[in-house]
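Student: quick one: sequence plus predicted model below, questions after.
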Amino acid sequence: MYKLLILSFTLALFTLPSTGQEKEHIVLIETSMGNLKAKLYNDTPIHRDNFIELAKSGQYDGTLFYRVIKDFIIQGGSADSRNAVAGQELGYGREITIDAEIKPHHYHKKGALAAPRQPDETNPLKKSDISQFYFTVGRKYPPEELEHIEKSVNVPIKRAIQNKYYTPEKKAILDSLKAQKNVPEFRKIADKIKADIAHDWENNTEKLFMDEAKKQAYTTEGGAHSLDGEYTVFGELIEGFDILDKIAALQTDKKNRPLKDVRIIRVKIIE
């Protein structure tokens, strides 16, 4: 009997739910055009916690999606849009800035939830203004365009690294060794140059790499690649893509404000 109790207890331990991975919070954004449901990422905790706090306080309730740009984004939440009259310029409500949490694996695919910010000239640290938020709409990219984007970023970086180590002086030395048929010394210097170039390239943080999942998202679902690395993405839409498309298709004035107001009725944390 004692052995059976121990066995039962052991089995129970193995069947307990894992607590190692924190459950993601789900947010419901009720709008005058329908509901948007999104999840908040746990690896952007500053944005997650501030968004939850502001949502619970009613910061976003009654505000508008006041900035809508076709094939790009829909942006809302600014306090000055709450009772705005037609034609009023918006987006200058109470600013609440927090540190950036820009992660390379969170990119601006369609439905990405992110925080706007002030430009680099006044905000070099890319601090987010969490008093507002936006959803990415974007567009679908042809595969060859993504390849061109990668090359346009990476080729100049690789060329600069190569020039750093394969200098005219080093080239002259290698040419001399080649003329002398001094293969061991030639190979020693050439291999060192190659190793230095490879090391610098491997550790370069400015190069652009798109894995297959990212390429798949941008070519099949769409997104806004130009925003990657510039703004913090802290969640993603999981339901309501049809509502996102309807809002994004609205006619707007010259300041990108929809001619028909899209009101955020309330923002609720439901999980």
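Tutor: Sure thing, it's come through. Numbering: from 1, shown residues only.
Student: E145: how many residues sit nearby?
Tutor: Counted with other C-beta atoms under 10 Å, the neighbours of E145 add up to 13. Yep, even glycine has a C-beta here, placed from its N, CA and C like the rest.
Student: buried set for the strand or helix carrying it?
Tutor: Using DSSP states H and E, E145 sits within helix 143-165. Judged by neighbour count using 16 or more other C-beta atoms under 10 Å, the buried positions of helix 143-165 are 146, 149, 154, 158, 161-162, 165.
Student: again, but for stretch 119-139
Tutor: 126-138.
Student: closest to L237 out of the buried residues of helix 143-165?
Tutor: The closest of the buried residues of helix 143-165 to L237 turns out to be L146 (C-beta to C-beta; 21.8 Å).
Student: which pLDDT value belongs to the closest one?
Tutor: In this prediction, L146 carries a pLDDT score of 93.
Student: surely it meets A217?
Tutor: No. No contact is recorded between L146 and A217 when judged using C-beta atoms under 8 Å, the distance being 10.6 Å.
Student: need the nearest residue in space to G240, chain neighbours excluded.
Tutor: The shortest distance from G240 to any residue other than its chain neighbours is 4.0 Å, reached at L36 (C-beta to C-beta, 6 or more residues apart in numbering).
Student: tell me, how many residues neighbour the one you found?
Tutor: Number of residues near L36 (other C-beta under 10 Å) recorded here: 25.
Student: so it sits right up against I243, yeah?
Tutor: Yes. Taking C-beta under 8 Å as the contact criterion, L36 and I243 are neighbours in contact, 5.7 Å apart.
Student: from the buried residues of stretch 119-139, which land in helices?
Tutor: In this view, the buried residues of stretch 119-139 have no member that belongs to helices under DSSP state H.
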